[in-house]
Each structure stands twice: as structure tokens, then as C-alpha cells.
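# Sequence first, then the predicted structure:
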Amino acid sequence: EAGVVQSPRYKIIEKKQPVAFWCNPISGHNTLYWYRQNLGQGPELLIRYENEEAVDDSQLPKDRFSAERLKGVDSTLKIQPAELGDSAVYLCASSLGGDTYEQYFGPGTRLTVT
Amino acid sequence: KQEVTQIPAALSVPEGENLVLNCSFTDSAIYNLQWFRQDPGKGLTSLLLIQSSQREQTSGRLNASLDKSSGRSTLYIAASQPGDSATYLCAVKAARGSTLGRLYFGRGTQLTVWP
């Protein structure tokens, strides 16, 4: 069974440019998460989807970040415009519905903003 | 807000040693606790999941315990190998409040096992 797929794996952009990340969760997983991981830190949640609904987005900087999950499967996370402080690894994870299931992570996208 | 702390931040041991990684959390209202492994430049690999009603879980050379009331978990690695070298992260899933269902991570323990 395929795991969580993310693309691209690496992205280098100049500040003020837009960038988008894509995630395909494990088949059948209706909960999808986007995390940001800064160097030397644990991941921090940006947004959680239950099917198509964003149920926890309080830590998403909405002035520049947006996300969507059309049809309750794939998801896209966008930053516009990017700032130097956005350099980090962006991780996507998925799980079955409900709070007792474990989360499975993708390989992440390493973003460098110059 | 839930805070997760991992001690030590880094650990270097010779091959074959048994070792213990520690994780503590401030709010005992959790659904479960999950231990992950992260290799450099890679995503997180789930190692063990302990539900709040459980005391421990085992997988191969790994054993994780959970004491929810005291807010602590340990990951025991038996007969360590160089291939165990990685960063180990623990995370707890909040079971109350405005962050219900959110996973909180520690900063991790960077483990190096030398031959």
C-alpha cells in the first residue's frame, strides 16, 4: 500500500514569491494534516481536515497561507507571498477518522526562501 | 496548552547498549501517545502508539510505556544498533479544550549508536 505522497520534495524560492505544496493521503484516510517543522523542533500543526472540512486551522497564518482539500482526498497548501521565516519542512500526514488512530507522515517538502 | 518535553536532547552510545528515552507532558487529558523516528531529511515513521487506557506497547526491540497520571512515557530500545541512529520524537493527542484532537510534539532526542 502506498504511503502519504508529497511533492515537490525540495523548493527554493525568493521572498515574496508564491509556492504550493501537494499531498495525496493514504487511500481511505479521511483525516489529513499539514504540519510545519522548523530546524531542531518538533512539527507544529497548521491545519487539520476531516474529509473536506477544515476542523482545526487556528495556527494557520491566514494572511499568507491557504489550504484546500477538494473532494476530500488530495490537498494543496499555498503560501503567498513567502517570507524568509517560512523556510522549514512542510509535512503532510493522514489517519483514519476518529481520535484514537495513529498518524502516518509523508516525506515532507523542504522549503528554502532566499 | 499542552507542553511536551524530551530528555535527553542528544544521546551517543556504543552498539549493543540498552537505552531509555524519556518524554513528559503537562496535561494528562490525552487520547494517545505516539513515538516516531525521523531520519535526516526524511519524514516521520510511526514506531508505537499507546492508547490512553494502555500501559505499554512492544514492537521488536522497542518497548514504550505510558503513565498518564504522572504525564510520562519512556521508549526502551534493547540491544541498540547503528541503524537505530535517528531522532526520536514523542507526541500526545489532546483530549480536551479548543485543541481537541491536536497532536503535540516534543523536540526529539537525537540518538547516535556507534559501532
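Yes, it's here.
# Which residues of chain A lie near chain B?
With C-beta under 8 Å from any C-beta of the partner chain as the criterion, chain A meets chain B at residues A:4, A:6, A:33, A:40-45, A:48, A:55-56, A:58, A:91, A:93, A:99-100, A:102-108, A:110. Backbone N, C-alpha and C define where each C-beta goes, glycine included.
# rerun that using 10 Å as the cut-off
A:3-4, A:6, A:9-10, A:31, A:33, A:35, A:37, A:40-45, A:48, A:50, A:55-56, A:58-59, A:89, A:91-93, A:95, A:98-110 (C-beta under 10 Å from any C-beta of the partner chain).
# ok, of those residues, which come out buried?
Those of these that meet the buried threshold are A:4, A:6, A:31, A:33, A:35, A:37, A:42-45, A:48, A:50, A:56, A:59, A:89, A:91-93, A:95, A:99, A:101-110, by 16 or more other C-beta atoms under 10 Å in any protein chain shown.
# follow-up on the earlier one: among the residues of chain A next to chain B, which are located in helices?
Applying DSSP state H to these, no entry is found in helices.
# What pLDDT is listed against the most centrally placed residue in chain A?
For chain A, A:Trp34 is the residue whose C-alpha lies nearest the centre (C-alpha atoms, centre = their mean; 3.0 Å). A:Trp34 is assigned a predicted lDDT (pLDDT) of 97.
# Report the beta-bridge partner residues of it.
Beta-bridge pairing for A:Trp34 (DSSP bridges): A:Ile47, A:Cys92.
# Wait, it touches A:Gln103, no?
No. In this structure A:Trp34 lies outside contact range of A:Gln103 using C-beta atoms under 10 Å: 11.8 Å.
# so what sits against both of those two?
Counting by C-beta atoms under 10 Å, 6 or more residues apart in numbering or on different chains, the contacts common to A:Trp34 and A:Gln103 are A:Pro43, A:Leu91, A:Ala93.
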